[in-house]
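**Student:** With the input below, show me the fold.
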Amino acid sequence: MAMDIRRMLVLVEVARAGSLTAAAARLNYTVSAVSQQIGQLEDEAGQPLVERRPRGVTLTESGRAVVRHAEQIQRAVQAAHEELDEIAGLRTGTLRLGTIPTVTESFLPAAIASFRERHPHIDLRVHSAQRSGIRRLLDAREIDLAITWRREEQDTSD
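**Tutor:** Sure, this is the predicted structure:
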């Protein structure tokens with residue numbers, strides 16, 4: 001049977017706090033809920049993970065092994081959150097821009113220079129194509145953003 005990652009992380013808090021009561025306070029759980037989580041994790045592990053004592057708990061050798069792995073999982077999850085925050089905040093990642101040749105040749109070089117100055121860790125990739133080609137790239141999700149314009153017919157009646 002697989003061990004539940006959330007329960008493994010509860011065990012990490014128990015190990016850090018040294019008692020079920022202190023871990024419950026840190027997690028905003030009841031002591032009963034923490035005790036149940038640890039009991040279920042021990043069932044999943046097939047062996048005791050903590051030794052209950054009058055003044056708190058200590059980890060068994062198996063408990064220490066589970067905590068080591070749970071801490072690695074915790075670090076990996078934190079790293080994933082940080083990377084997602086970086087991408088969402090335009091601090092890292094790739095932006096694929098599609099535009100028509102007129103834009104590419106006119107104001108785009110200055111806009112790219114400004115963008116790269118403000119977002120130096122973003123890999124900006126520019127694709128230039130005719131309007132129909134830009135539409136196909138956008139529909140195929142080969143670009144993230146498109147810059148085009150449609151010339152308005154000038155009214156010559158006045």
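
**Student:** State the mean pLDDT of stretch 4-21.
**Tutor:** What stretch 4-21 shows for mean pLDDT is 96.

**Student:** So what's the gap between that stretch and the chain middle?
**Tutor:** Here stretch 4-21 shows a centroid-to-chain-centroid distance of 23 Å under the convention C-alpha atoms, centre = their mean, to the nearest Å.

**Student:** Which helix or strand lies directly C-terminal to the lowest-mean-pLDDT helix or strand in the chain?
**Tutor:** Here the helix or strand of the chain ranked lowest by mean pLDDT, DSSP states H and E is helix 101-105, holding a mean of 81. Next helix or strand after helix 101-105 toward the C-terminus (DSSP states H and E): helix 108-118.

**Student:** what mean pLDDT does that following helix have?
**Tutor:** Helix 108-118 carries an average pLDDT of 87.

**Student:** Quick check: buried residues in that helix?
**Tutor:** 108, 115 (16 or more other C-beta atoms under 10 Å). Heads up, the C-betas are built off the backbone N, CA and C, glycines and all.
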